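Engineer: Coordinates for the following, if possible.
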Amino acid sequence: MILNSGAHRVVILLCTGLSLYGGMATAEINDSRKPATCEQSLSLEGFRASALSQSPLVAEIDRDYAQELASAFDTEVLVNPELQAEQTFTRMNMGGDNDPQAQVSIGQTIRLSNFGSRARVAALIRRSGDRQKRAQILELTQKLLVQFRTLYVLQETEKILANAEQRAAKKVLLISAGVKKGLLSQGDEKLFDGERYRLQAQRKGVAATIATLQSELARSTGSPCSILTTGQELLIELPSEELLLQKARSSDLSESTRVDLLVNLAREEMRLSELDAYPQITPRLVYQHTNDGGDFFGAGLSMPLPFWNRNQGQQIRSRAEQRFVEAKSTFLSNGGLEMQIKNLRRAAEISKEQSEIFSLKVIPSFDAALRSQEKLYAEGKGNVMQVWQTLRTFNEVQTQGLQLWLEAVSVRVQLSLLVGEEV
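Structural biologist: Reported below is the predicted structural model:
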């Protein structure tokens, strides 16, 4: 970590006087008030390890998982038993029968669904919640990967634009000398002058985007420090389509496996809502003490009359959820999973090839072309327009190559989430 509290410069002049000393002290105080900033130079693995250890998003995933566990507990546990007690008094003269009377009863509310259905639903909720948590962790790591790679592309783009701006500025100085000698026109000078300021404006736009992304990364990682990315990693070869399909079918985090579990959960919840349409019953044990000294024991029950509400609302919600997850499951089981993996793998492979063409063929070719045009111009054989066009194209293909590499990374992320592990 590098701490930079501002540039502390003390200019010592060989002269005397209290006013000069006071001015120097004031300058030091003002400089010390500059906010301290910190920067971290991280690799992808270091970045993800740091994020997973202190990110608020991990705590959010834990919160969602705890809510799933709480939902499973609420579904499975019995309603608390109900205790009722009352004692009555009278001021009437009832011939000795005016003692207080007491009645106590205890009841336990039960439903038909308490006999097995709720336990099955609770178990499925726990399994679904556990897989959902691990799937969310996988999604978070892939999101962090894309954000880290995006930051790398932006920082590299800023460097490319800065170098191009310096290059254009040097051309302006050379052309200005040629204008003074009458060898070049003022239009040639303004051409490169405008290009320099255009690059400067683009660089400021990229810097603003980097600042916005750094703010998002601070929320994702829980760290207040700015991040400096290190290195552009090569895209490794993708596994075969057959191996990806095998991974997707065997992984409990793949989309198809999670959807199958959600189908089972939705069906059990539908059965549960149908059972809960029957009214709940509350058996009671009753004890009564009468004013003539008698003690009575008995049993009873109470139940609501299902005239208006027969759990139709929950049945509607459960039926809609069941149709939704069954439609997803039908799509995946009828070749949808194979089709998605095949197409995403093909897209990832083509994006990788496109990125490699740019990095190995296009960018070196335009770099050589620019050097050749600059050499011809220095020898008096070229013209300003050719140099300017080649310079501009070279800058564009450099940034375009970075964007294509980022697109290839993004497609791989989609494939990883579909398969259930990073590829």
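Engineer: so where's this protein shaky on pLDDT?
Structural biologist: 1-37, 92-98, 174-186, 188-189, 382 (pLDDT under 70).
Engineer: The stretch 301-423 of the chain: helices as residue ranges?
Structural biologist: Shown for the stretch 301-423 of the chain, the helices assigned by DSSP state H, counting those that start in this stretch span residues 312-331, 337-357, 363-378, 384-419.
Engineer: I misspoke; the intended subject was the chain.
Structural biologist: 18-32, 44-54, 56-76, 117-180, 186-221, 241-250, 255-275, 312-331, 337-357, 363-378, 384-419 (DSSP state H).
Engineer: May I have the residues that are in contact with A169?
Structural biologist: Applying C-beta atoms under 8 Å, 6 or more residues apart in numbering to A169 gives the contacts R196. (Glycine included, C-beta is placed from N, CA and C.)
Engineer: Could you report the separation of it from Q400?
Structural biologist: To Q400, A169 is 23 Å away according to C-beta to C-beta, to the nearest Å.
Engineer: swap in L370?
Structural biologist: Using C-beta to C-beta, L370 is found at 15 Å from Q400.
Engineer: swap in E274?
Structural biologist: Distance from E274 to Q400, by C-beta to C-beta: 58 Å.
Engineer: returning to what we had before: got the helices of the chain as JSON lines, with distance to D295 columns?
Structural biologist: Shown next, in JSON lines, are the helices of the chain (distance: least, C-beta to C-beta, whole Å):
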{"stretch": "helix 18-32", "distance to D295": "86"}
{"stretch": "helix 44-54", "distance to D295": "65"}
{"stretch": "helix 56-76", "distance to D295": "38"}
{"stretch": "helix 117-180", "distance to D295": "38"}
{"stretch": "helix 186-221", "distance to D295": "67"}
{"stretch": "helix 241-250", "distance to D295": "67"}
{"stretch": "helix 255-275", "distance to D295": "39"}
{"stretch": "helix 312-331", "distance to D295": "43"}
{"stretch": "helix 337-357", "distance to D295": "70"}
{"stretch": "helix 363-378", "distance to D295": "98"}
{"stretch": "helix 384-419", "distance to D295": "69"}
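Engineer: looking at those helices, which is closest to D99?
Structural biologist: helix 56-76 (44.4 Å; C-beta to C-beta).
Engineer: Okay, buried residues for that closest one please.
Structural biologist: Neighbour-count burial for helix 56-76, counted by 16 or more other C-beta atoms under 10 Å, picks out 57-58, 61, 65, 68, 72, 75-76.
Engineer: Are there helices or strands packed against that helix, and which ones?
Structural biologist: When contacts are defined as 3 or more C-beta pairs under 8 Å, 6 or more residues apart in numbering; DSSP states H and E, helix 56-76 sits against helix 44-54, helix 117-180, helix 186-221.
Engineer: Report the inter-axis angle for the second one versus helix 384-419.
Structural biologist: Taking axes from the mean of the first three to the mean of the last three C-alpha atoms, to 10 degrees, one finds helix 117-180 and helix 384-419 inclined to each other by 170 degrees.
Engineer: Go ahead and name everything in contact with stretch 303-314.
Structural biologist: 273-274, 276-282.
Engineer: got it, and stretch 324-332?
Structural biologist: By C-beta under 8 Å, 6+ apart, stretch 324-332 touches 255-256, 259-260, 262-263, 265-266.
Engineer: In ChimeraX, select just the buried ones from these.
Structural biologist: Per 16+ other C-beta under 10 Å, the buried members of the contacts of stretch 324-332 correspond to this ChimeraX selection:
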select :255,256,259,260,262,263,265,266
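Engineer: I'd like the buried residues of helix 56-76 laid out as a markdown table, including distance to Q142.
Structural biologist: Shown next, in a markdown table, are those (distance: C-beta to C-beta, whole Å):
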| residue | distance to Q142 |
| --- | --- |
| L57 | 12 |
| V58 | 14 |
| I61 | 14 |
| Y65 | 19 |
| E68 | 22 |
| A72 | 27 |
| T75 | 31 |
| E76 | 34 |
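Engineer: If we only consider those, which is nearest to E353?
Structural biologist: L57 (33.6 Å).
Engineer: ok, now which ones touch the closest one?
Structural biologist: Counted by C-beta under 8 Å, 6+ apart, L57 has contacts 51, 140, 220.
Engineer: let's see 10 Å
Structural biologist: 51, 136-137, 139-140, 143-144, 219-222 (C-beta atoms under 10 Å, 6 or more residues apart in numbering).
Engineer: again with K143
Structural biologist: Here K143 is in contact with 51, 57, 220, 413, 417 (C-beta under 10 Å, 6+ apart).
Engineer: how does it look with 7 Å?
Structural biologist: If you count contacts by C-beta atoms under 7 Å, 6 or more residues apart in numbering, K143 has none.
Engineer: likewise Y278?
Structural biologist: Contacts of Y278 were listed using C-beta under 7 Å, 6+ apart, and they are L112.
Engineer: try 10 Å
Structural biologist: Y278 makes contacts with 111-113, 303, 306, 310-311, as judged by C-beta under 10 Å, 6+ apart.
Engineer: Buried ones among those?
Structural biologist: Among the contacts of Y278, the ones that count as buried by 16+ other C-beta under 10 Å are 111-113, 311.
Engineer: thinking again about what came up before, want to try TSV for the contacts of Y278, with distance to D295 as columns?
Structural biologist: Shown next, in TSV, are the contacts of Y278 (distance: C-beta to C-beta, whole Å):
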residue	distance to D295
R111	33
L112	35
S113	37
M303	27
P306	36
R310	40
N311	40
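Engineer: From the residues you listed, which land in strands?
Structural biologist: Judged by DSSP state E, strands contain none of those.
Engineer: nearest to E158, of those?
Structural biologist: N311 (59.9 Å).
Engineer: Please state the backbone phi and psi of the closest one?
Structural biologist: The phi and psi values for N311, taken as degrees, to the nearest 10, are phi 60, psi 30.
Engineer: Check the spacing between it and A72 real quick.
Structural biologist: Applying C-beta to C-beta, the value for N311 to A72 is 20 Å.
Engineer: ditto for L235
Structural biologist: Counting by C-beta to C-beta, the gap from L235 to A72 is 41 Å.
Engineer: again with A85
Structural biologist: Distance from A85 to A72, by C-beta to C-beta: 34 Å.
Engineer: wait, E237 sits on E356?
Structural biologist: No. Under the contact definition of C-beta atoms under 10 Å, E237 does not touch E356, with a separation of 11.6 Å.
Engineer: out of the two, which sits in the busier spot?
Structural biologist: A direct count of neighbours by other C-beta atoms under 10 Å for E237 and E356 places E356 higher, at 16 against 8.
Engineer: Tell me which residues touch the more buried one, please.
Structural biologist: Taking C-beta under 10 Å, 6+ apart as the criterion, E356 is in contact with 234-235, 401, 404-405, 408.
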